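In: Sequence unavailable; structure follows:
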Ligand SMILES: Nc1ncnc2c1ncn2[C@@H]1O[C@H](COP(=O)(O)OP(=O)(O)O)[C@@H](O)[C@H]1O
Ligand SMILES: [Mg+2]
């Protein structure tokens, strides 16, 4: 099965712009190039793996796409990024019989076997089953369904027992593959067991893991708890959906995760100055009229004055309530790819384990805010009480488990200062991320920054 790459490239910008996983929606695609085509199934229906390089620019003033970025320069350098696609092909005359949504269509292509109709191959069961046979021939499965979620990658669930995550950004070794397999190797049993890795050359293309059937995302659990509290009032611990006990278990599991990461990747002495400088640099790269960068940087700089900041280890890097699943066997941790908006090269950098705790704390604020908006507002006292209850439950279990391990400094003042610095870091990252992706949400991290500044000035 041979296609004409230039012909496909011309169809891709329109297709990509409609994909949930396409990460640069605030930029305008100016062109695409097909860098590689791998034929997985030749003949009909055909299956191709395609790597496309996408060129985009920030829209100039007046050319707006609805998102008004305060930091957007009009004289933007075009940026290019590589995306991986899995495409299906069927004879053009069968087009009307193919059951695909409008967003999943790529278009008509000429091939050496005649005109073909090209579409997102992951929407087709026959092709999706063929893909798993190609990646993991020993796994015998009969059914497949796509995961519909706000994801930066794409996932398929097979027989409700295996999940294939297809990475959309491909660049050599993938941190999710690297960390998940390393953790399994040191016997950490709370990452879903890796079953197969999809690789080509030096690139990790996807990961097959055990699917945790019936698992509940931390985000959903938090929202249930918050809805209950907002509806009934009272204290977080007396409400029916008290998250306290689960937060305690999650805190303990997070400590176990950090011990396992230290075992798998080693530990170094934490360098407060390096961490502080990195945070200050990040703050200086983000502007928003309601962001007090000076005060935020002051909190970060305080980190540099601490005599002992504990260890520097490989961390999760993008730890939040959407990355943890609660099952009958306890909490499981997913998705070690790091922050989507951070360059791949920086995502492997070691840091304080408290960076992940800060990420989870930021997520608690997001959950409280989203549930409050859903409730119609007017519950800020309850939100604050819930957050502080859940944070305390998480942190006391986390710290108790790490006592005497050397991962953290001994004195509570230092722990608080490190945590605040990383919370500021994460919140400022979120300000930039929300400006680009979800402008309506930028108020959440801005409020987080404001609160941290107030707390630290007191
Ligand atoms: N092993 C698994 N078992 C059950 N659900 C899973 C599993 N892996 C992923 N999921 C579900 O898919 C969602 C996205 O997975 P994730 O690995 O975080 O992908 P992404 O990189 O796109 O964020 C998770 O939040 C979870 O709900
Ligand atoms: Mg994720």
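Out: Cool, got the structure. Bear in mind that the values here come from a model prediction, so they are computed numbers and not experimental data. Numbering: from 1, shown residues only. Ligands and ions are numbered 1, 2, ... in the order given.
In: going forward, measure contacts and count neighbours with C-alpha atoms only.
Out: Fine.
In: what sits against residue 151?
Out: Applying CA atoms under 8 Å, 6 or more residues apart in numbering to residue 151 gives the contacts 20, 21.
In: part of a helix, is it?
Out: No: secondary structure assignment (DSSP: H, G, I helix; E, B strand; the rest coil) places residue 151 in coil, not in a helix.
In: what phi and what psi does the backbone show at residue 88?
Out: Main-chain dihedrals, residue 88, degrees, to the nearest 10: phi -100, psi 150.
In: Okay, and the beta partners of it?
Out: Beta-bridge pairing of residue 88 under DSSP bridges involves residue 47, residue 119.
In: need the residues of the stretch 301-450 of the chain near ligand 1, please.
Out: The stretch 301-450 of the chain has residues 322, 323, 334, 335 near ligand 1, with proximity defined as CA under 6 Å from any ligand atom.
In: now the second one, nearest residue through space, not along the chain?
Out: It stands for residue 323. Of all residues beyond its chain neighbours, the one nearest residue 323 is residue 334 (5.1 Å), with distances taken as CA to CA, 6 or more residues apart in numbering.
In: From residue 321, how far out is the one you found?
Out: Distance of residue 334 to residue 321, computed by CA to CA, to the nearest Å: 10 Å.
In: Those two - which one has more neighbours?
Out: Set residue 334 next to residue 321 and count neighbours by other CA atoms under 10 Å: residue 321 wins out with 22 against 18.
In: Now for that one: which residues touch it?
Out: Here residue 321 is in contact with 217, 218, 219, 360, 363, 364 (CA under 8 Å, 6+ apart).
In: hmm, try it at 6 Å
Out: Residue 321 is in contact with 218, 219, counting by CA atoms under 6 Å, 6 or more residues apart in numbering.
In: any idea of the pLDDT on it?
Out: In this model, residue 321 is scored at 98, pLDDT.
In: do residue 43 as well
Out: 89.
In: Sticking with it, tell me its helix or strand.
Out: Taking DSSP states H and E as the definition, residue 43 sits outside all helices and strands.
In: just residue 222 next, same as before
Out: Using DSSP H and E, residue 222 falls in helix 218-232.
In: chain center to that helix, what's the gap?
Out: Averaging C-alpha positions (CA atoms, centre = their mean, to the nearest Å) puts helix 218-232 22 Å from its chain's average.
In: returning to that earlier point: just to check, the residue nearest to residue 323 is in contact with residue 325?
Out: No: counting by CA atoms under 6 Å, residue 334 stays clear of residue 325, with 7.8 Å between them.
In: on contacts alone, who are the packing partners of the next helix or strand after the helix holding residue 222?
Out: As assigned by DSSP H and E, the chain's next helix or strand after helix 218-232 is helix 244-265. Secondary structure elements in contact with helix 244-265, counted by 3 or more CA pairs under 6 Å, 6 or more residues apart in numbering; DSSP states H and E, are helix 380-402.
In: buried ones in the following helix or strand past the helix it packs on?
Out: Toward the C-terminus, helix 380-402 is succeeded by helix 412-437 as the next helix or strand (DSSP H and E). By neighbour count on 16 or more other CA atoms under 10 Å, the buried set for helix 412-437 is 414-415, 417-437.
In: thinking again about what came up before, closest one to residue 373 out of the residues of the stretch 301-450 of the chain next to ligand 1, please.
Out: Proximity of those to residue 373 was ranked by CA to CA; the top entry is residue 322 with 18.6 Å.
In: how deep is the closest one tucked in, by neighbour count?
Out: Neighbours of residue 322 using other CA under 10 Å come to 17.
In: On the three-state scheme, it is what?
Out: helix.
In: Pretty sure it sits against residue 219.
Out: Yes: counting by CA under 6 Å, residue 219 is a contact partner of residue 322 at 5.3 Å.
In: before we move on, the earlier item: now do the helix holding residue 222 and helix 244-265, the angle between them.
Out: Calculated by axes from the mean of the first three to the mean of the last three CA atoms, to 10 degrees, helix 218-232 forms an angle of 160 degrees with helix 244-265.
In: Nothing else from me, thank you.
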